[in-house]
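Participant: Need coordinates for the following:
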Amino acid sequence: MSDQTLDQSRYGRALATAPGGVHLDSREAASAPVVLALLLADGLVQLDGQMLTIPAQGRPFLRNAASFFDQYLARAKPAGPAYSSSV
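Facilitator: Sure thing, here's the model as predicted:
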């Protein structure tokens, strides 16, 4: 069981209902192009400066994009799947 929480008022609703997207802090904005590179390349997420949005075609991949905000995954760097994953 994880004791980590996701600020759904900031991330969950903003990512799922954007047109506005979610405003990233400077640390998040710096790492987003690297962490989300594959989703960005496929047009499934969009990054404009510090604004991250999920276009309609990216909504089925929202879980993948939201993992960017998972502090446990960022710290733990599991060798294999340590959580459920999307298909």
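Participant: Determine the set of other helices and strands touching the longest helix seen in the chain.
Facilitator: With secondary structure taken from DSSP state H, the chain has its longest helix at helix 26-35. With contacts defined as 3 or more Cβ pairs under 8 Å, 6 or more residues apart in numbering; DSSP states H and E, the secondary structure elements packing on helix 26-35 are strand 46-48. The way it works is simple: take the backbone N, C-alpha and C, and place the C-beta from them, glycine included.
Participant: Now do the helices in this protein.
Facilitator: Using DSSP H, the helices of the chain run over 12-17, 26-35, 37-41, 62-66, 71-76.
Participant: picking up where we left off before, tell me which residues in the longest helix of the chain are buried?
Facilitator: The neighbour-count check on helix 26-35 (16 or more other Cβ atoms under 10 Å) flags 32, 35 as buried.
Participant: Then stretch 37-56?
Facilitator: Residues of stretch 37-56 classed as buried under the neighbour-count rule (16+ other Cβ under 10 Å) are 39-40, 44-47, 52-54.
Participant: nearest residue to Leu40 other than its sequence neighbours?
Facilitator: Leu47 (6.2 Å; Cβ to Cβ, 6 or more residues apart in numbering).
Participant: And for Pro55?
Facilitator: Pro55 sits nearest to Gln46 (Cβ to Cβ, 6+ apart), 6.0 Å away.
Participant: That neighbour reaches Ala56, doesn't it?
Facilitator: No: with contact defined as Cβ atoms under 8 Å, Gln46 does not count as touching Ala56 (11.2 Å).
Participant: which intervals of the protein have sub-threshold pLDDT?
Facilitator: Applying pLDDT under 70 to the chain flags the ranges 1-20, 71-87.
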